[in-house]
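Trainee: Sequence plus predicted model, see below.
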Amino acid sequence: MAKRKQYSPELKTRVALVAIRGDGTIAELAQKYSLHPNMIVKWKREAVDGMKESFNRKGKKNLIPDNEIKTLQAKIGELVVERDFLARAFDQ
């Protein structure tokens, strides 16, 4: 089986921006960049959807899952207790 070709994020961004600007038809862009027209349409749609999400103030996504936040807060608590214990031990 043939392995799928991987495209860099830079190329995807460049092609999507050119498609959004309308610097040519999808067919012209596909020929210019040696891509299938469906890929350009898909990358353009993903770029526009990404822009919509970036301007959505209500739906700000938390980059760290809640369970990981709780784990990190527990670890911070342990370290604070340990630091306080050692500070008292060295003060004596």
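Mentor: That came in fine, so what should we check first?
Trainee: ok, then the element right after the helix or strand bottoming out on mean pLDDT in the chain?
Mentor: Here the helix or strand of the chain ranked lowest by mean pLDDT, DSSP states H and E is helix 37-54, holding a mean of 90. Along the chain past helix 37-54, the next helix or strand (assigned with DSSP states H and E) turns out to be helix 66-91.
Trainee: Which residue is the nearest non-sequential neighbour of residue 44?
Mentor: residue 19 (4.3 Å; Cβ to Cβ, 6 or more residues apart in numbering). The C-beta positions use only the backbone N, C-alpha and C, and glycine is treated the same way.
Trainee: Return the residues in contact with the one you found.
Mentor: Taking Cβ atoms under 8 Å, 6 or more residues apart in numbering as the definition of contact, the neighbours of residue 19 are 26, 29, 40, 41, 43, 44.
Trainee: likewise residue 65?
Mentor: Listed by Cβ under 8 Å, 6+ apart, residue 65 has no contact partners.
Trainee: Give me the pLDDT for it.
Mentor: At residue 65, the pLDDT value in this model is 82.
Trainee: Can you give me the domain assignment for this structure?
Mentor: Following automatic domain parsing, one gets these domains for the chain: 7-59, 62-92.
Trainee: can you redo those as TSV with distance to residue 1?
Mentor: Conversion of these to TSV gives the following (distance: least, Cβ to Cβ, whole Å):
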stretch	distance to residue 1
domain 7-59	18
domain 62-92	35
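Trainee: Can you say which of those domains is packed in most?
Mentor: domain 7-59 (a mean of 13; mean count of other Cβ atoms under 10 Å).
Trainee: about what we covered before: what's the closest of the contacts of residue 19 to residue 51?
Mentor: Within these, the smallest distance to residue 51 is 10.9 Å, found for residue 44 (Cβ to Cβ).
Trainee: and the gap between the closest residue to residue 12 other than its chain neighbours and residue 52?
Mentor: For residue 12, ignoring the flanking residues on the chain, the nearest one in space by Cβ to Cβ, 6+ apart is residue 43 at 5.0 Å. Distance, residue 43 to residue 52, by Cβ to Cβ, to the nearest Å: 15 Å.
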